[in-house]
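**Q** Build the 3D model from these lines:
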Amino acid sequence: MKKFEHLWTSDFFLLHVQANNLTGEGGMLEIVRDMQNGRKSKGHEKLRHGADSHRFIISRSHPSEVKVSIEYPSHLVLEVYKVDDRAYYPTESFFVL
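**A** Sure, this is the predicted structure:
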């Protein structure tokens, strides 16, 4: 498994995520949100078997959310872009693994 972690800032509170499926195996991505009070919430995104890629947006769910993490299978390549809220357009790629 691989893991991506992002600490939210006041500048960007949206991420465009693309999971590239080079082997065609598919897989499950687990999304964990950490709050200031120590609580966590979990969600999932499923990448279907045979799909080349899967794209989705993650937004900061609450002002008290401090971090978001994505755990994903090692055969996937994750690309993450910061999104400018005003245009919903990815501004820069800052993570690929």
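
**Q** From E65, how far out is the residue most central in space within the chain?
**A** Compute the mean C-alpha point of the chain, and by C-alpha atoms, centre = their mean the closest residue is V17, 4.9 Å away. The gap separating V17 from E65 is 16 Å, by C-beta to C-beta, to the nearest Å. Just so you know, the C-beta spots here come from the backbone N, C-alpha and C atoms, and that holds for glycine as well.

**Q** if we can go back for a sec, pull up the gap between the residue nearest to the centre of the chain and K46, please.
**A** 13 Å.

**Q** got the contact list for K3?
**A** 69-72 (C-beta atoms under 8 Å, 6 or more residues apart in numbering).

**Q** let's go with 6 Å and repeat that
**A** If you count contacts by C-beta atoms under 6 Å, 6 or more residues apart in numbering, K3 has them with E71.
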